[in-house]
Each structure stands twice: as C-alpha cells, then as structure tokens.
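Student: When you get a sec, could you give me coordinates for this:
(chains A, B, C and D)
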2 protein chains.
Amino acid sequence: MRDFNRKLKIVLIDDNANHLRGIKELITLESCYEVAGATTSANLGINLVKKHHPDIVLMDINMPEKDGLQAIQAISKLNLSTKIVVLSGYDDSELIYRAMKLGARGYVLKTMASVKLINAIEEVSMGKIYLPAALSTRFFEFFQASSREEEKMLGSENLLNSLTSREVEVLELLTEGINYKSIAGKLIISETTVKTHVNNIFQKLQVNDRTNAVLYALTHGFKQKGAGAGSKSAMMSV
Amino acid sequence: MRDFNRKLKIVLIDDNANHLRGIKELITLESCYEVAGATTSANLGINLVKKHHPDIVLMDINMPEKDGLQAIQAISKLNLSTKIVVLSGYDDSELIYRAMKLGARGYVLKTMASVKLINAIEEVSMGKIYLPAALSTRFFEFFQASSREEEKMLGSENLLNSLTSREVEVLELLTEGINYKSIAGKLIISETTVKTHVNNIFQKLQVNDRTNAVLYALTHGFKQKGAGAGSKSAMMSV
DNA sequence: AATTTTCTAAATCTTTTGGTTTAGATAACT
DNA sequence: AGTTATCTAAACCAAAAGATTTAGAAAATT
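Tutor: Model (predicted):
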C-alpha cells in the first residue's frame, strides 16, 4: 500500500492545452495529488520530469506524431522511479503495444470515465500495471501477431537443418566473425578441413561467402553464442 | 456475444491425472460446455485438438518441463480458431510471458476460485484476452525487462554514429552481403573508392573484416533493408 | 557385405579482401 | 584565408577467402 501521508507528485504532458487544463483541474480536485508541472511540449515535459522526479507522469500520446512515444522512452531511460500513465484517444493495438514496450505502466482512454484515470494512478503508483481488459486484448492482438511474424521468419523450411553437427559448429564460429585459422585452432582440426566444411556449408545454404552465410544463419534463428560481437536480441527458444 | 445455443467444445490437458479429473468434473457441471477430450499427455492433447477442433483448450503448464509451452506453440501453429487458456500453478513472469507470446489467450492460476476459470473460458471464447490484473503486471515485468535489455544492446554508445552518411550507405550494402564490385556499381563510384570507405568504416567500428562490421551493425540497431537475405525481427523504431 | 555419410586433409589456383599511402576536389567551418 | 571533413580514386602488396578436385578413415545405414 502506498504512503497516503505524502501527496503523489504528478507531471502532466498533453499537447492540447484545453485537455491539459481539464486534467489538471481533475487531478487537483483530489487532495492526495500534487501537480508538480504541466506542459504541452514533450521535450519540456522530459525536463520537468528530470527536475521534479514525480511519482507519476500523465502522458498524452497521439497516433501520427511520435513525440509521445519518444518521450516515454526518454523518461524510461532516466531510470527514475517515475511511472508513466498514458492517456490516449486511440485504442490502436500497435500504439498500446509500443507505449507499453517503451515503459508505460498504465494506459487510459480519454473516453473512459475520469474515475478510471484516478484508478490507474492509484494502481500504477503501487507498482501495478493498469491495462483494462479491452485494452489488454488489443495489446495482445499486436503482441501475438508480431510474435507469429517472428516465428514465420525464423521457423520456415530451414536450410540450416541440412547441416551436419560439425558444420553447425563451424557456422557458429563463423557467426562470431572468426577466420579460418582461429576456427581450425578452436576445433583442433586443420585449416584446410575448415575450408572444406565452410564450402559445404555454403552449398547447403546456397550462398557464396561468409557474410551471406552469417546473414542467413542470423535471420533464420541460428542461436548465437554469448561471446564475440555481442549476443543477439534474446530470441529465446521455448 | 457467443452463440449460447451451441455447447462450447473443450479439450483438457493436464499431466496430473487428479487435477484432470477435478477440472473435467467442474467443466461438465456447466451445461453449456462439452468436454471433447481430456488427456495427461501434451502430445496426445495436440492430436485431440487436431481431431476435434475444440473452441477452447485448457492447458496445464509447469515451469520445469517445457512440454506445455511447446504444446501451446504447436496448437497455435495449427491456425484453428481454437483458443488456449492456460491453467498453471505458477505466476512466474517469464512463464506467463512465454505462454502469451506463443499464443495463449487466457491465463488462470490454480489457486484462483473456480468461477474465475469459467470467466476465463467465457471471455476467451468471445475473442477477448483473459489476464487478471495481478498476472498482467507479472507479464509486463518480463516484457518490459526484456525490451530494456534489447534497448541496451541496441542503443548504448554507438560507434555507428561516427559514420558519415556515405559510409552508412556503404555499410548498408555490406550488411546485405554484397561485394565491392556490386557496391561500386550501386553507388556509381569506383571499386577503390568503396574500399576506402570500407576501410574507414572498419577503423570507426574497430573491426578488421566485413563479417564483424556486419555483426556490429546488426547487433547495434542498424536498420536492414527489405531485400537480400531476408529482413530481420521487426525491431521497429519508435 | 556393400554403400553412404561424415569428418578429415592436401594441393592448386583464382578471386576477393584488407592495409597503407598518396592525392585531387568540394564543402564546411574557424 | 586557412583548416578540416568528406568523397573521390589509384597503386601496390599481403593475406584471406573461395572453388575444385582428390582421397583416406570411421561411422552409420541398407
């Protein structure tokens, strides 16, 4: 439970000055909240957050312009305990997805009753996520659709399956950007053997050089090892 | 609203035979449901789904074994209108995340009242997502944490920013696995000029060959063009 | 027992890449 | 006006990579 002896500090960002005034009024009606700042500019908003370290940011986002999303990202990156509640006119599944992905902790539609907004602020300030069922469903529409896309990319008839286990080992090292000599050293075989394997890999993957072999591997779900040029985007296997 | 003149066909999968019996009893108590099949084996469960095309699959998943998650994936891939509701003993954030990612449409804890399960079935059968607030919060813990990981990988002080615009163009073509001659052709400059650019790129990215330059580019959020070896995992920019 | 696959290795030759230096032409900035 | 950054280009050399052929040994399959 949150500390009710202290007022929640809130910063408001909404590019529509009228909305901004309305929300400010609504918030100040509640005695347990304190509006630390309010602005119509995303950039000024970020500065307000930097200055005041509010508990909550109420952030308006609209579909076409992407200032709102960028502001969410910028605020998230500050690593404050500030929690972001999105206030949007749109229940577009991609917009909800992106906002949540970038670190929003709550999402409220402008068409919702104002009591919902208060609910959201309360829930989020206590560390929960506020995403009403209908919006949650929209979120998952996009989330699951893009997951399926990813799967399709990765899964689908995969030339990688035709590789022998030794070839897989060699390809793993290739995807770390290592040359023949080092690969030979690591696998304790001769350099010419490595070349033989690599040529076989090229044929099986239907490419003619390392770069394309590596690109094929990476775009088809080939697991990268932790080392080398930095490990890839998670892509966790089931 | 769903068609209440027709019973919802449900398939049950739970590796614990006792649980399975209990759930079956609970479900059959409701006159509007019909248990089309029940099994303790994930694989048999998938076959039941293939045979009966149920409206709902109630799927038990446990943390250590990953049959449950794989079964969810397998059923999702069938592209039926079958909706999966997970019944789990764990509210582990990663487990919830993975289940939903792989296509589950509802997630109910075994500790929840049985009426919640009925709720879930109803909501999900009507096309909604059923993820109670507490579980939604857990889900987003993992979702946002892995998004931040991704960001960290991509964002962080990026040598790519030191590239000139021409070098960026060249690197783009490198990441498509194209050789000097073709790059020269595409940019309508001589091959030696391309080499000069590439060498400058190598120095700026602190690598000594194409493969590592490409790997650096890909693991640091370099946008890939649609062509070539297949475009990458979405990685949508804000 | 015979055949196929996989892993190993070498030889040879061509092509591509990478490293380095030098340099002219613009464009931009001080 | 002078300096710096960028894009262009060539020459030259060394190293690495790629293509192709041949071949032995062990393991797996038929």
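
Student: what about A:Glu167, neighbour count?
Tutor: By other C-beta atoms under 10 Å in any protein chain shown, the residues close to A:Glu167 number 17. Using the backbone N, CA and C atoms, a C-beta is placed for each residue, glycine as well.

Student: try A:Arg105
Tutor: 26.

Student: what secondary structure does it sit in?
Tutor: strand (DSSP: H, G, I helix; E, B strand; the rest coil).

Student: Pretty sure it sits against A:Ser76.
Tutor: No - applying C-beta atoms under 8 Å as the test, A:Arg105 and A:Ser76 come out as separate, 9.8 Å apart.

Student: Residues that sit against both of these two, list them.
Tutor: Counting by C-beta atoms under 8 Å, 6 or more residues apart in numbering or on different chains, the shared contacts of A:Arg105 and A:Ser76 are A:Ile84.

Student: Report the rounded mean pLDDT for stretch A:216-227.
Tutor: Mean per-residue pLDDT for stretch A:216-227: 70.

Student: ok but A:Met59 is inside a strand, no?
Tutor: Yes - A:Met59: assigned to a strand according to three-state DSSP.

Student: tell me the contacts of A:His53?
Tutor: A:His53 touches A:Lys9, A:Leu80, A:Ser81, A:Thr82, counting by C-beta under 8 Å, 6+ apart.

Student: quick one: which of those has the most company?
Tutor: A:Thr82 leads those on contacts (other C-beta under 10 Å) with 21 neighbours.

Student: related to what we said a few turns ago, want to try TSV for the contacts of A:His53, with pLDDT and distance to A:Phe143 as columns?
Tutor: As requested, the contacts of A:His53 are arranged in TSV below (pLDDT from 0 to 100; distance: C-beta to C-beta, whole Å):
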residue	pLDDT	distance to A:Phe143
A:Lys9	95	32
A:Leu80	94	26
A:Ser81	94	26
A:Thr82	96	24
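
Student: can you list those in JSON lines and add distance to A:Thr40?
Tutor: Converted to JSON lines, the contacts of A:His53 look like this (distance: C-beta to C-beta, whole Å):
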{"residue": "A:Lys9", "distance to A:Thr40": "19"}
{"residue": "A:Leu80", "distance to A:Thr40": "22"}
{"residue": "A:Ser81", "distance to A:Thr40": "25"}
{"residue": "A:Thr82", "distance to A:Thr40": "19"}
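
Student: Specify which member of the residues you listed is nearest to B:Ser190.
Tutor: A:Leu80 (52.2 Å; C-beta to C-beta).

Student: so the closest one is in which element?
Tutor: Assigned by DSSP states H and E, A:Leu80 belongs to no helix or strand.

Student: do the same with A:Val11
Tutor: Counting by DSSP H and E, A:Val11 is part of strand A:8-13.

Student: With A:Ala36 instead?
Tutor: strand A:33-39.

Student: Next, the angle strand A:8-13 makes with that strand.
Tutor: Strand A:33-39 runs at 20 degrees relative to strand A:8-13, counting by axes from the mean of the first three to the mean of the last three C-alpha atoms, to 10 degrees.

Student: Against which helices or strands is strand A:33-39 packed?
Tutor: Helices and strands touching strand A:33-39, by 3 or more C-beta pairs under 8 Å, 6 or more residues apart in numbering or on different chains; DSSP states H and E, are strand A:8-13, helix A:17-29, helix A:42-52.

Student: Quick one: check the host helix or strand of A:Val115 for contact with chain B.
Tutor: Using DSSP H and E, A:Val115 maps to helix A:114-125. Yes - on the criterion C-beta under 8 Å from any C-beta of the partner chain, helix A:114-125 is in touch with chain B at A:Glu123.

Student: if we can go back for a sec, what pairs with the strand holding A:Ala36, parallel or antiparallel?
Tutor: Partner strands and pairing direction for strand A:33-39 (DSSP bridges) are strand A:8-13 (parallel).

Student: And the contacts of the strand it pairs with?
Tutor: Against strand A:8-13 from outside (C-beta under 8 Å, 6+ apart): A:2, A:20, A:23-24, A:27, A:32-42, A:45, A:48-49, A:52-60, A:68, A:71, A:121, A:125.

Student: rerun at 7 Å
Tutor: A:20, A:23-24, A:27, A:32-39, A:42, A:45, A:48-49, A:52, A:54-60, A:71, A:121, A:125 (C-beta atoms under 7 Å, 6 or more residues apart in numbering or on different chains).

Student: Give me the buried subset of the residues you listed.
Tutor: Buried residues within these, counting neighbours by 16 or more other C-beta atoms under 10 Å in any protein chain shown: A:20, A:23-24, A:27, A:33-39, A:42, A:45, A:48-49, A:52, A:54-60, A:71, A:121, A:125.

Student: got a list of what the most centrally placed residue in chain A touches?
Tutor: The centre of chain A sits closest to A:Lys101, judged by C-alpha atoms, centre = their mean, with a distance of 3.9 Å. For A:Lys101, the contacting residues are B:Ser147, by C-beta under 7 Å, 6+ apart.
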